[in-house]
Every structure is written in structure tokens, then in C-alpha cells.
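Visitor: I'd like to go over a predicted model; first the sequence, then the structure.
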Amino acid sequence: MKRHFIIFGLIFSVIFGAYLTPAPEAKAIDPVTIAILTPIAIKAAQIAAPYVLRGLKNMAIAASKTLPDFVNLLKLPLGLLLATIGAPFGTFKRGCVYIGHGCIAPFQLAWHLLCVPFALFKITR
């Protein structure tokens, strides 16, 4: 019981801690420092650009895997219609298949959406 209160307290503090603390102050950097660091930042951005673009491409590929899951989500109501109203016309079997696809689709969608950020580092397949 005590462990549940500790876990609840940790979750509560993580969720609401950001809203209860004051916003950080903005601190200005003097123009001389910015002028000195700008060429270094440009070189660093040029070196990192291919890796960032490759990571964004991997994320786009991973995000495109979610489109069939959205389509399968729409198969559930269609399957219910085919299995009930369309049953006299011979669509009961197809309706049951669509119901199965529609019931599995939310879990597949959640998995693919969780994998999108990890695709930046090419961790997922």
C-alpha cells in the first residue's frame, strides 16, 4: 500500500511539476560572443546535416507504416455492417475478417507510433 502512494506521488510530481514551477529567465548573450561562435556553429551544422537528414528520412519511413493501420481501424465498423446487415447476402465471412483486422489495428498503430522516434537512430526495423 505504501509503495502505491510512492509511485502515485512520483507520477504526480512528474506530470504536474512542470506546471507548478516558474518559467526560466531569459538571459542575453553579448554580441561579441555570438559573432565569435557563429562560424563554429555553421561548421558544426554542415557536418551534422547528412546525419540529421538520414534520421528524418528514417522517421518518415517509419511514420508511413502507420497509414495501413489507420485504414484497418476503419475496417471494424465496416466489418460489423457486413457481418450483420450483409449476412443474408453472403458477406458474413468477410465481415468477421474485417472485425478481426479492426480489433488488432489500434495495437499495431500504437506500436508503430511508438517506434517512430526510435527510427531517428535506426533502432527499429
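Guide: All right, it came through fine.

Visitor: so where do the helices sit in this structure?
Guide: 2-20, 31-64, 67-73, 75-84, 92-115 (DSSP state H).

Visitor: which of those sits most buried?
Guide: helix 75-84 (a mean of 17; mean count of other Cβ atoms under 10 Å). Backbone N, C-alpha and C define where each C-beta goes, glycine included.

Visitor: contacts for it, please.
Guide: 91-92, 94-103, 105 (Cβ atoms under 8 Å, 6 or more residues apart in numbering).

Visitor: at 10 Å instead, please
Guide: 86-87, 89-106 (Cβ atoms under 10 Å, 6 or more residues apart in numbering).

Visitor: tell me how far A26 lies from I36.
Guide: For A26, the distance to I36 (Cβ to Cβ, to the nearest Å) stands at 21 Å.

Visitor: now C115
Guide: Going from C115 to I36 by Cβ to Cβ gives 41 Å.

Visitor: swap in G86?
Guide: G86 is 72 Å from I36, by Cβ to Cβ.

Visitor: then R94?
Guide: With distances taken as Cβ to Cβ, R94 is found 69 Å from I36.

Visitor: again with A28
Guide: To I36, A28 is 15 Å away according to Cβ to Cβ.

Visitor: could you list every residue that touches R54?
Guide: Taking Cβ under 10 Å, 6+ apart, we find R54 in contact with L120, K122.

Visitor: list the contacts of the most centrally placed residue in the chain.
Guide: Closest to where the C-alpha atoms of the chain average out (Cα atoms, centre = their mean) is L113, at 3.8 Å. By Cβ under 10 Å, 6+ apart, L113 lies in contact with A62, A63, K65, T66, D69.
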